[in-house]
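>>> just the structure for this:
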Amino acid sequence: MFKKLMAFLFVMIAFTGIFISCSDDDSSTNPSTIPTVSFTAPLDGEEIPSGENYTITASASDNVAVTKVEFYIDSVLVGTDSTSTENPYEYVWSPTGLEGPHKMFLTAYDADGNSGSSAEISVLVVFSGIDVTAPTAWITAPEDSTSVIGGLSLLITADGTDNVGVTKIEFYVDSILEWTDTTPLNYEYLWDTVDKEGEHWIYVKAYDNALNAGSSDPILVTVTRTQQITVNAPNGSESWNRGSVQEIRWTSNTEDSLLQIDLYKGFTFVNTISNMVPNDTISDASYTWTIPEDLPTATDYLIKITGLQTTISDYSNSGFDIVSTPFIQITTPNGGEIWNMDSEYEIQWQDNLAEDVKIELFRASTLELTVSDSTASDGSFMWTLPNTLPVGSNYKIRITSIPVNTVVDNSDASFTISAP
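You can find the predicted model right below:
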């Protein structure tokens, strides 16, 4: 019995030793815990004065031991504390001249090389003390010795830097303050060059919060002869029918060889009417436009005319109407023509009628003869002038809808009938 008991005890002791040995082996293969680290100073969102050193402190922990803490500012490693054996871990930062926002984070290490990082925080370094440093300012566009066509607006852009921060930039033309911009990183002024032909000196002046000011070097801008395009018709309040033929009129003194005419609804582009219009620099140039039948009716259409070389442009002053009402519009003869008796000519018109039309010849305000009692409203009628008509320069054609005489049009101006 005693021998059996001793054998049992021996087995139990051996088994316990094996268990303890296995437990020790498992612990040697488990990695240690990743360190944790956080800021104790500064706090997220804190303002730090720039004129003195600031001690950044951290609290770190690990299941074995923390061996070092790294300090990062704006993703750059700026310091390491590997001498502290307990909290806090420290780094002394000198933020002088670093006014503005910054981001920080920490990384802690243990003896096994495990590492853990803190959450990122944001701080703002603010200027402390009396600011006597003037900002530096410069013009970014245009370049010095630039030329611009009179009538075009010139975008002037600038920038500046300061030890604390730029609060505004002033734009000067010939020493006269023209504009002040307080929009950071986007300082600009759109200068109107109409009637400013000649040389002009332009510079900018930057200010900081202490009202210190610094001026840029001046640049020279030359404004050449003023060039303009002016839309004369349609220029507002006109009512034009779909399908009718209308004259777009303008004046221009630009150097462009070609103009582009665009149609807008409000200030939304609709389509290009033509981009091959010769630029006749005369007092009243024109382009004949047949308004599309499918153009939606509206009261806010605009015409825009642009010089293709200079980009100078102009819009109608206000909206005109596109309507869809029954109409007849005589295009030939419409004033100034000379037609000979015994010769055949084409009377032309536009309409949106389904019924036939009647064509009459008037001399002054008196009916001279009926050219046709009834003809199709197809826009064209060939007419041989009888040789019995009196010679004169005060003739007009009238076209009227039939059988209901509700739509009528006359030649806009008189034409001439002469002897054969």
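>>> from here on, just use CA atoms for contacts and neighbour counts.
OK.
>>> what does the model give the closest residue in space to Val37 that isn't next to it in sequence for pLDDT?
Nearest residue to Val37, sequence neighbours excluded (Cα to Cα, 6 or more residues apart in numbering): Ala60, at 4.1 Å. Note on Ala60: pLDDT of 95.
>>> show the pLDDT at Ile130.
With respect to pLDDT, Ile130 has a value of 80.
>>> what is the neighbour count of it?
7 (other Cα atoms under 10 Å).
>>> ok, it to Lys358 distance?
92 Å (Cα to Cα, to the nearest Å).
>>> right, and the helix or strand after the helix or strand hosting the residue nearest to Val37?
Using DSSP states H and E, Ala60 sits within strand 54-61. The helix or strand immediately downstream of strand 54-61 is strand 66-73, counting by DSSP H and E.
>>> name the residues of the helix or strand following that following strand that are buried.
Once strand 66-73 ends, the next helix or strand along the chain (criterion: DSSP H and E) is strand 76-81. Neighbour counts over strand 76-81 (16 or more other Cα atoms under 10 Å) mark 80-81 as buried.
>>> can you show me the CA trace of strand 76-81 as PDB?
Provided in PDB are the C-alpha atoms of strand 76-81 (Å, rounded to 0.1, in the frame of the first residue of the first chain):
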ATOM      1  CA  VAL A  76       8.200  65.900 -38.400                       C
ATOM      2  CA  LEU A  77      10.100  64.200 -35.500                       C
ATOM      3  CA  VAL A  78      11.300  67.100 -33.400                       C
ATOM      4  CA  GLY A  79      12.400  65.400 -30.200                       C
ATOM      5  CA  THR A  80      12.800  62.200 -28.300                       C
ATOM      6  CA  ASP A  81      12.700  61.600 -24.500                       C
END
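>>> Asp409 and Pro326 touch, don't they?
No - applying Cα atoms under 8 Å as the test, Asp409 and Pro326 come out as separate, 11.3 Å apart.
>>> contacts for the helix or strand containing Gly214 next, please.
Gly214 is located in strand 213-215, with elements delineated by DSSP H and E. Identification of contacts with strand 213-215 by Cα atoms under 8 Å, 6 or more residues apart in numbering yields 134-138, 203-207.
>>> between the residues you listed, which is closest to Ser38?
Pro135 (37.6 Å; Cα to Cα).
>>> my guess is that closest one contacts Asn212, does it?
Yes - counting by Cα under 8 Å, Asn212 is a contact partner of Pro135 at 6.8 Å.
>>> who has more neighbours, the two?
Per other Cα under 10 Å, whichever of Pro135 and Asn212 has more neighbours is Pro135, with 23 against 15.
>>> what's the pLDDT at that one?
96.
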